[in-house]
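[1] below: sequence and its predicted model.
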Amino acid sequence: MAHTFMHRVNSLFTFAGTVLAGMCVLATLTDQIHTSDPQVSVKVAMVERFMRIDRNDEAYLAFDIDADLTSVFSWNTKQLFVSLAVEYETKINAMNQVSVWDRVVERREDAVLVLPYVRNKYKLVDQGSNLQGLAVNLTLEWNVMPITGSVSVGRRTITGFRLPQEYLAADPTTMGIPHTRGGGRRGGMKHMS
């Protein structure tokens, strides 16, 4: 049987595809043995506004985020999707999880997040008036998106914070003005012992 040009091209592409598939499997397997130890600290810097609008509680928060996620990166990591969620329980729902901030980290060099006063991107809204004096957890979560393989998730939950007992009106002197560390700390959350 004569080996035509098309047979040779077919053999070349089949071999290349097989080698590429094998490399993808090896890359995925090496990610399974990769261990990481991210350092995470999240604190509520201030409750800027806490009010009832219509029949729902609404809170505008500011956070101090200090996270070193460089150890999460491996040679197979394309990017991280980092998000901060407020988690709490109410009489109606055993688990409420509200995403209040997120960021995409594309390089290992950018995986050290030192954000001394970051406002929530998305407001904390509860369906009903259940947030007054409520204990909440802050969960920083990162989704590791690899070049090849499956997405993995890591998270750290910080407990021991309580929303104020009373609603707080907006402070017109701070609205729309970027805050710096050490600024007024009106209406901060209380840390539970």
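    Done, it's in.

[2] only C-alpha atoms from now on, for both contacts and neighbour counts.
    Noted.

[3] now stretch 147-162: mean pLDDT?
    When pLDDT is averaged along stretch 147-162, the result is 91.

[4] now do the buried residues in it.
    Within stretch 147-162, the residues that count as buried by 16 or more other Cα atoms under 10 Å are 148-149, 156-159, 161-162.

[5] same thing with stretch 42-61?
    Using 16+ other Cα under 10 Å as the test for burial, stretch 42-61 gives 42-52, 57-61.

[6] okay if I get the buried residues of stretch 147-162 as JSON lines plus secondary structure?
    As requested, these are arranged in JSON lines below (DSSP: H, G, I helix; E, B strand; the rest coil):
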{"residue": "T148", "secondary structure": "coil"}
{"residue": "G149", "secondary structure": "coil"}
{"residue": "R156", "secondary structure": "strand"}
{"residue": "T157", "secondary structure": "strand"}
{"residue": "I158", "secondary structure": "strand"}
{"residue": "T159", "secondary structure": "strand"}
{"residue": "F161", "secondary structure": "strand"}
{"residue": "R162", "secondary structure": "strand"}
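
[7] ranges for the strands of this structure?
    Along the chain, the segments classed as strands by DSSP state E run 39-53, 56-68, 77-88, 96-105, 112-119, 124-126, 135-146, 152-162, 190-191.

[8] dump those to CSV, plus distance to L168.
    Converted to CSV, the strands of the chain look like this (distance: least, Cα to Cα, whole Å):
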stretch, distance to L168
strand 39-53, 5
strand 56-68, 9
strand 77-88, 19
strand 96-105, 19
strand 112-119, 16
strand 124-126, 14
strand 135-146, 17
strand 152-162, 14
strand 190-191, 14
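
[9] tell me the centre residue of the chain?
    Closest residue to the average C-alpha location of the chain: S83 at 1.5 Å, with Cα atoms, centre = their mean.

[10] so what's it bridging to?
    Per DSSP bridges, the residues bridged to S83 are D102, E141.

[11] same check on V136?
    Beta bridges link V136 to F161, judged by DSSP bridges.

[12] list the contacts for L138?
    42, 84-87, 157-159 (Cα atoms under 8 Å, 6 or more residues apart in numbering).

[13] what would these look like in a markdown table with distance to R107?
    Listed next are these as a markdown table, based on distance: Cα to Cα, whole Å:
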| residue | distance to R107 |
| --- | --- |
| V42 | 21 |
| L84 | 19 |
| A85 | 23 |
| V86 | 26 |
| E87 | 28 |
| T157 | 24 |
| I158 | 26 |
| T159 | 29 |
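
[14] between those residues, which is nearest R119?
    L84 (11.2 Å; Cα to Cα).

[15] re the thing from before, select, from the buried residues of stretch 42-61, the two members most distant in space.
    Using Cα to Cα, the buried residues of stretch 42-61 span at most 25.7 Å, a distance reached by V42 and R52.
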